[in-house]
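>>> Let me see the structure of the following:
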Amino acid sequence: TETKTITVVLRRYYLTVKTDPAGVTTIPGENWYNEGTEVTLTAPDTVSVSTGVRYKFSYWDVDGVPEAGNPITVVMDANHTATAHYVLEYYLTVLSPFGTVDGEGWYTSGSTAYATLNTGLIDHGNGTRRVFVGWGGDASGTNYAQSDPIVMNAPKTAIANWKTQYAVTFTQTGSDVAPTVTYTADTDPTETAPFTVWVLAGSQITYAYQDIVPGAAPGVRYILTGVNPPSPQIVNGPFTVSASYQVQYYLTVRTDPPGIVTIPGEGWYNSSQSVQLMAPTVAGYTFQYWDVDGASQGSGVNPITVVMNAPKTATAHYTPTVVTYRLKIEATAGGTTNPAPGTYTYAAGTQVQVTAIPSGGYVFDHWELNGTNVGTAITYTVTMNDNYVLKAFFKQVPPLTVSISPMSASIVVGQQITFTSTASGGIPPYTYQWFVNNNPVSGATSNSFTFTPTAPGIYYITLKVTDAVGNTAQSDAARVTVSVAPVGGYSIAIITNSKSSAVTPVCVYGLLLGVFTAVLSVTGRKRR
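Residues are numbered from 1 along each chain as shown. As a prediction, the model looks like this:
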């Protein structure tokens, strides 16, 4: 039998153990290990550096991969590096001679901490107390419940500072409404009495009560009459300050109608004080009676006495003395007015409108007020601040007439003649209508007319004018003689007997042929 020797060589790996920051502490376990060995590493939870300074374990990592927990187990299947991470911490100390503090402890470097107290006031029950005034040491702020932020970049101490105060009590009598009291001590607040203020021992307090306290209801107030002990005082122990007030009521004095006169007596009066009121004579008014809060004091009773046991309103009643003026309305012939002519009475200040109404054939001309011309508007308004006479003046409308020019003319066929007109009287504006032989000419409605005959004859031209109120007038007839153009050196006028008829073109043509034949006959005889 052959014997063989087999040598087994185990693979070994190195475990490196360190801290971050480096050198915080030495953790056992760094060494060579056979493959597959499980190595347990335990980091200390804290490492003290100096008073108030330490390192606090945070976490492990193996080859840069974070591992949960402490201790950890590393399986040696390769070379490994295990790092224990620490954070730097500083200690905050919180001190106070009174109350219960909080916030003391370890904080990560660079973090923010706060010092706190459970109370800012310790009352010893004998008129003496301790009052938190602020944080000191490495802390700041005036809020006992939480200091200003403390940046933990070193070990720090927060100290609560306190002061001693004595009670000064303020009271009052006589006012149903609490008055305000302003005082100056280590603070300068305003309070409403009664109240107690705590003042630094040995300091001086200055105080002032409200001089006038408005009541809860309108027309009521309270006036300060005294303060005991007087201001200022040195606070060497607890004491009480008391003020006295007098109630006052407001008397309102009015007139009806409002504002016609100011009656003396309105104002503030002490409770139960008697006030006499006298209603004066007022021009334009007659005094009737007083009322107090709506209760009549008797017809004609003046003066009256008002007892001020509450806010009151006294009213002097007057009635107006009515002032009137007369307005006499007149009209000349040719029209009337509205209101009709006559004498009327109006209250002072009344505005009266009067309208002129012309009769047929008349137009309104102007108004006169007390003999002064005041305009031509058809309606005039009189303000009655005196006696007045208002007169309406009318004038007769002249008869409507019209004439035309020229009144006669002789022209040939196709020649133009223009007629102009002159209208007067009546009431402008005017409207026009031209006629030829009593027939209206379409479109001939202006004050002039151009006539262009197309046939010989005698024509009569007239113009009818109508004014603004429908009156009409017609001009005399203008005579126009129309002939044909001259023939062979002769001019022939053809005249008819009737004003209203014209020669027809057929008649004219026949006449012209006859005349032409006669002329030729006479000419032939002369040649023979």
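>>> so A160 sits right up against Y144, yeah?
Yes - in this structure, A160 is within contact of Y144 by CB atoms under 8 Å, at 7.1 Å. No exception for glycine: its C-beta is placed from N, CA and C like everyone else's.
>>> Overlap in contacts, the two.
In terms of CB atoms under 8 Å, 6 or more residues apart in numbering, A160 and Y144 are both contacted by the residues G99, L117, F132.
>>> quick one: G360 is in a strand?
No - per DSSP: H, G, I helix; E, B strand; the rest coil, G360 lies outside any strand segment and is coil.
>>> What count of nearby residues applies to it?
9 (other CB atoms under 10 Å).
>>> That one and N471: what is the separation?
10 Å (CB to CB, to the nearest Å).
>>> same question, Y459
Counting by CB to CB, the gap from Y459 to N471 is 28 Å.
>>> Among these two, which residue is more densely surrounded?
Applying other CB under 10 Å to Y459 and N471 shows that Y459 carries more neighbours, namely 21 against 17.
>>> just checking, that one touches P453?
Yes - using CB under 8 Å, Y459 is in contact with P453, at 6.4 Å.
>>> got a winner among the shared contacts of A160 and Y144 for most neighbours?
Greatest neighbour count in these, by other CB under 10 Å, goes to L117: 23 neighbours.
>>> Which stretches in the stretch 251-400 of the chain count as helices?
For the stretch 251-400 of the chain, applying DSSP state H, counting those that start in this stretch gives no helices.
>>> Tell me where this structure has helices.
Remark: helices assigned in the chain by DSSP state H are 505-527.
>>> which stretches of the stretch 401-528 of the chain have low pLDDT?
Flagging of the stretch 401-528 of the chain using pLDDT under 70 yields the residue ranges 487-528.
>>> thinking again about what came up before, dump the shared contacts of A160 and Y144 into CSV; add distance to Q273 as well.
Below are the shared contacts of A160 and Y144 laid out as CSV (distance: CB to CB, whole Å):
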residue, distance to Q273
G99, 56
L117, 57
F132, 52
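>>> what's the closest of the residues you listed to S483?
Distance to S483 across the shared contacts of A160 and Y144 (CB to CB) is lowest for F132, with 136.9 Å.
>>> Wait, that closest one touches L121, no?
Yes - assessed by CB under 8 Å, F132 is found in contact with L121 at 7.0 Å.
>>> Against N153, how distant is T108?
For T108, the distance to N153 equals 11 Å [CB to CB].
>>> sorry, that was for T462
Look at T462 and N153: by CB to CB, they are 126 Å apart.
>>> and if you look at F419?
122 Å.
>>> out of the two, which sits in the busier spot?
More neighbours surround F419 than the other of F419 and N153, with 22 against 12 (other CB under 10 Å).
>>> Run through the bridge partners of the more buried one.
F449 (DSSP bridges).
>>> what's near enough to touch it?
F419 sits in contact with I404, S405, P406, W434, S448, F449, T450, F451, I461, L463, A478, where contact means CB under 8 Å, 6+ apart.
>>> re earlier: would you turn the shared contacts of A160 and Y144 into CSV with pLDDT?
Formatted as CSV, those follow (pLDDT from 0 to 100):
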residue, pLDDT
G99, 94
L117, 97
F132, 94
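>>> For N79, state which of those residues is nearest.
L117 (55.9 Å).
>>> Local confidence estimate at A347?
Looking at A347, its pLDDT is 90.
>>> Tell me what it is bridged to.
Beta bridges link A347 to T324 when assigned by DSSP bridges.
>>> so it makes contact with R326?
No - counting by CB under 8 Å, A347 sits too far from R326 to count as a contact (11.6 Å).
>>> which sections of the protein are below the confidence cut-off?
Using pLDDT under 70, the chain drops low at 1, 7-9, 186-188, 487-528.
>>> ok, E104 - contacts?
Taking CB under 8 Å, 6+ apart, we find E104 in contact with Y91, L92, T93, V94, A115.
>>> tell me which residues form a beta bridge with the first one?
When assigned by DSSP bridges, Y91 has beta-bridge partners W106.
>>> Surely it touches G105?
Yes - counting by CB under 8 Å, Y91 does reach G105; the two are 7.1 Å apart.
>>> between the two, which one's more packed in?
Taking other CB under 10 Å, Y91 and G105 do not tie; Y91 has more neighbours (18 against 11).
>>> what's near enough to touch that one?
Y91 touches T51, G52, V53, R54, E104, G105, W106, Y107, P155, K156, counting by CB under 8 Å, 6+ apart.
>>> Kindly give a single PyMOL line that selects the buried subset of those residues.
In PyMOL, a selection of the buried entries from these looks like this (16 or more other CB atoms under 10 Å):
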select buried, resi 52+54+106+107+155+156
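>>> Format the contacts of Y91 as a markdown table; extra columns: distance to G136.
Listed next are the contacts of Y91 as a markdown table, based on distance: CB to CB, whole Å:
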| residue | distance to G136 |
| --- | --- |
| T51 | 20 |
| G52 | 18 |
| V53 | 22 |
| R54 | 25 |
| E104 | 15 |
| G105 | 19 |
| W106 | 22 |
| Y107 | 19 |
| P155 | 16 |
| K156 | 12 |
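>>> so N471 touches L400, yeah?
Yes - applying CB under 8 Å, one finds N471 in contact with L400, separated by 4.7 Å.
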